[in-house]
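*Asks:* Let's see this in three dimensions:
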Amino acid sequence: MRQFAIRVAAATGATALTLSLVASPTPAHDKDNVRVPTLTGFASLPAQTYVPASDPSGSALGTAPINGVVPPFADQPIQGFSGIVRGGGGAYEVLSDNGFGNKANSADYALRVQRLAPVFQTGAIDVLGGFHFTDPNGKVPFPLTRPDRVLTGSDFDVESITRAIDGTYWVGDEFGPFLLHFDRTGRLLSAPVSLPGVFAPENPFLAGGTPNLAGSKGFEGMAISPDGRYLYPLLEGPVAGDPTDSLRMSEFDTRTGAYTGKKWIYQLDSPAHAIGDAISVDANRFLVIERDGGQGDAALVKKIYMADKRDKNRDGKLDKTLVVDLLNIANPKGLGGFGPVFRFPFTTIEDVLIVDEKTIAVLNDNNYPSSSGRTPGLPDNNEFITIRLPKSLNPDGRVLR
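*Replies:* Sure, this is the predicted structure:
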């Protein structure tokens, strides 16, 4: 497969990769009943897609080819999709993560929300612009990488995003782990909020202490209650002293700006697994992506579960029910040029969104340029798929807005 670079409009509202067909936010219809989870939409953004006239990046990656791509880069790649919210008119706002994988190599990656519109009729994705996260008012109490206070992948590792009723954004970070509150333009509104008693190795307040959370195991998923009052951030890894297959979900009150003290446990199928995202279905239920670390043919577990905090069996854990196996999706129409069984075999799958009561959207984090789950030796594209489910999720209508 020939790789090529694409640069797209950086300003909000500007459109690149212009196509005559605009994506419908609901690619399937109520009449499209299925017996098994079925692929209904496929769109892909080439891995080598960059924000035009942006800052150079990837300087800490060296100069040796990575999956055939030679760093550093003249611009900022549009990559690492780690969270998604609706953007209106068939578009979506997608969170790019900290850049190139860790604090040390991502100082030249500006944290950003990308505005995208999948065009399922053609299989392409329109890039409609986006915005950076910034701290112009000095809310962050520790030194930042850039003097202009544009936040970078060395300041925070943003991995989950929700939009509040007032249009502001809550973002989950892994370096603290912190909760970050931004206005509609990406400006930080208040100081980062720590999770009491939990410290990742990158936490700037650790002050020589011992972390009790592994690196890159902070807030990978974060749901918001349908009424907008509570956040439910979910850690990707266990806190020291907890069972190695147990992840903490906490409750945060957006009115008081504090954690309520309520906690739940999401139990992984295996301690070797991780979660990729968590979103609300209603006041009690969540969709959670659970995955192993494999890619391509080595990918064995890429699943989405329904997790219920009512704990009907009283075992102290969220009740889990399988919704879809992402390695076994029916594809009767051969969408994307794939066969009758579609696999989503990426190392990191970190985005799920409810499109309608029977349809979900799922995106991968392509870890550009490091992951090659689709074609060995080539960097993964950013793929956007929709899946029709055989049964309704019966979501609270407010999560569809």
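*Asks:* just the strands in the stretch 301-401 of the chain please.
*Replies:* 302-308, 319-325, 329-330, 341-342, 348-356, 359-365, 382-388 (DSSP state E, counting those that start in this stretch).
*Asks:* In JSON lines: these, plus mean pLDDT and distance to Thr168.
*Replies:* Placement of C-beta: from N, CA and C, glycine included. Output for the strands of the stretch 301-401 of the chain, formatted as JSON lines (pLDDT from 0 to 100; distance: least, C-beta to C-beta, whole Å):
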{"stretch": "strand 302-308", "mean pLDDT": "98", "distance to Thr168": "26"}
{"stretch": "strand 319-325", "mean pLDDT": "98", "distance to Thr168": "29"}
{"stretch": "strand 329-330", "mean pLDDT": "98", "distance to Thr168": "35"}
{"stretch": "strand 341-342", "mean pLDDT": "98", "distance to Thr168": "36"}
{"stretch": "strand 348-356", "mean pLDDT": "98", "distance to Thr168": "19"}
{"stretch": "strand 359-365", "mean pLDDT": "98", "distance to Thr168": "23"}
{"stretch": "strand 382-388", "mean pLDDT": "98", "distance to Thr168": "25"}
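*Asks:* Out of those strands, which is closest to Val113?
*Replies:* Among the strands of the stretch 301-401 of the chain, the nearest to Val113 by C-beta to C-beta is strand 348-356 (12.6 Å).
*Asks:* Which strands or helices does the closest one pack on?
*Replies:* In this structure, strand 348-356 packs against strand 81-88, strand 274-280, strand 285-291, strand 359-365, with contacts taken as 3 or more C-beta pairs under 8 Å, 6 or more residues apart in numbering; DSSP states H and E.
*Asks:* Pull the contacting residues for Asp297.
*Replies:* Neighbouring residues of Asp297 by C-beta atoms under 8 Å, 6 or more residues apart in numbering: Pro345.
*Asks:* Tell me the predicted confidence for it.
*Replies:* At Asp297, the model reports a pLDDT of 98.
*Asks:* quick one: it is in a helix?
*Replies:* Yes - applying DSSP: H, G, I helix; E, B strand; the rest coil, one finds Asp297 inside a helix.
*Asks:* do you know how far it is from Ile387?
*Replies:* Here Asp297 is placed at a distance of 21 Å from Ile387 (C-beta to C-beta, to the nearest Å).
*Asks:* can you redo the helices and strands packed on strand 348-356 as JSON lines with distance to Met249 and mean neighbour count?
*Replies:* Output for the helices and strands packed on strand 348-356, formatted as JSON lines (distance: least, C-beta to C-beta, whole Å; neighbours: other C-beta atoms under 10 Å):
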{"stretch": "strand 81-88", "distance to Met249": "16", "mean neighbour count": "21"}
{"stretch": "strand 274-280", "distance to Met249": "7", "mean neighbour count": "26"}
{"stretch": "strand 285-291", "distance to Met249": "8", "mean neighbour count": "25"}
{"stretch": "strand 359-365", "distance to Met249": "20", "mean neighbour count": "25"}
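*Asks:* Now tabulate the strands of the stretch 301-401 of the chain in CSV and tack on distance to Phe175.
*Replies:* Converted to CSV, the strands of the stretch 301-401 of the chain look like this (distance: least, C-beta to C-beta, whole Å):
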stretch, distance to Phe175
strand 302-308, 25
strand 319-325, 28
strand 329-330, 34
strand 341-342, 35
strand 348-356, 16
strand 359-365, 17
strand 382-388, 23
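*Asks:* Nearest to Asp253, out of those?
*Replies:* Closest approach to Asp253 among the strands of the stretch 301-401 of the chain (C-beta to C-beta): strand 302-308, 20.6 Å.
*Asks:* what ranges of the stretch 151-300 of the chain fall below the confidence cut-off?
*Replies:* Along the stretch 151-300 of the chain, no part satisfies pLDDT under 70.
*Asks:* Strands of that one, start to end?
*Replies:* For the stretch 151-300 of the chain, the strands defined by DSSP E, counting those that start in this stretch cover 158-163, 169-173, 178-182, 193-194, 219-224, 230-235, 246-253, 258-267, 274-280, 285-291.
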